[in-house]
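Novice: No letters, just coordinates:
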């Protein structure tokens with residue numbers, strides 16, 4: 001029996017030339033959220049690299065509509081960098097909401113999206129997970145090997161599963177973790 005996509009992750013980067021899809025896929029598969037019916041299939045998680053942040057923003061309303069049509073058990077996650085033009089995740093989320101409104105997305109559907117927004121690049125989170133420190137006001141060092149991204153994702157998943165507070169989380173990682181926890185709580189209560 002084939003399994004159906006249950007988690008759709010829009011992200012920056014290009015397939016095969018970015019560590020973002022590797023990190024995201026490894027994180028989702030390591031987390032194995034409770035509400036996903038079965039982890040036996042290879043298409044449970046669909047990663048959609050969209051180039052740059054603008055590409056992610058333009059694709060989000062379309063995917064919200066597709067997830068809505070697919071049913072209540074399809075989760076949309078949006079991964080994008082805040083960069084220098086957005087102070088924090090809330091500022092970037094407001095930009096995504098503007099685009100969603102323009103494309104006739106309902107507030108209730110938009111509120112079901114899980115937003116994961118590194119301040120500058122995902123590499124800062126990987127640096128933090130590897131060395132327990134990073135400076136989000138500077139770009140983290142480029143990750144050259146997918147193994148580094150996968151190991152960092154597994155470490156983050158382990159922290160998430162344990163549910164223990166972590167000291168010194170970069171602000172954007174803390175904000176994004178709160179979004180994930182909110183989704184988890186919502187899914188457990190439904």
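Specialist: Arrived safely. This structure is a prediction, so every number in the text was calculated from the model and none was measured.
Novice: Need the contact partners of the lowest-mean-pLDDT helix or strand in the chain.
Specialist: Ranked by mean pLDDT, DSSP states H and E, the weakest helix or strand in the chain is helix 171-189, scoring a mean of 84. For helix 171-189, the external contacting residues (CB atoms under 8 Å, 6 or more residues apart in numbering) are 33-35, 75, 82, 88-90, 114-119, 124-125, 128, 136, 160, 169. Placement of C-beta: from N, CA and C, glycine included.
Novice: And residue 159, how far from residue 79?
Specialist: Separation of residue 159 from residue 79 (CB to CB, to the nearest Å): 18 Å.
Novice: Compare these two and say which is more crowded by neighbours.
Specialist: residue 79 (27 against 15; other CB atoms under 10 Å).
Novice: Apart from its chain neighbours, what residue comes closest to that one?
Specialist: residue 11 (4.0 Å; CB to CB, 6 or more residues apart in numbering).
Novice: What is the burial count for the one you found?
Specialist: 25.
Novice: pretty sure it contacts residue 19?
Specialist: No - counting by CB atoms under 8 Å, residue 11 does not reach residue 19; the two are 10.3 Å apart.
Novice: follow-up on the earlier one: next up, the contacts around the residue nearest to residue 79.
Specialist: Per CB under 8 Å, 6+ apart, neighbours of residue 11: 18, 20-21, 24, 47-50, 56, 78-80.
Novice: tell me the helices in this protein, going along the chain?
Specialist: Using DSSP state H, the helices found in the chain span residues 20-31, 53-70, 89-102, 107-110, 122-131, 146-162, 171-189.
Novice: so which of the ones you listed comes closest to residue 6?
Specialist: helix 53-70 (8.8 Å; CB to CB).
Novice: Off-centre distance for that closest one?
Specialist: 14 Å (CA atoms, centre = their mean, to the nearest Å).
Novice: Which other helices and strands does that helix contact?
Specialist: strand 7-11, strand 75-79, helix 89-102, helix 107-110 (3 or more CB pairs under 8 Å, 6 or more residues apart in numbering; DSSP states H and E).
Novice: The same query, at a cut-off of 6 Å, please.
Specialist: strand 7-11, strand 75-79, helix 89-102 (3 or more CB pairs under 6 Å, 6 or more residues apart in numbering; DSSP states H and E).
Novice: And the average pLDDT for the longest one is what?
Specialist: Per-residue pLDDT values over helix 89-102 give a mean of 97.
Novice: Counting neighbours, show which residues of that helix come out buried.
Specialist: Along helix 89-102, these residues count as buried under the neighbour rule (16 or more other CB atoms under 10 Å): 89, 92-93, 95-97, 99-100.
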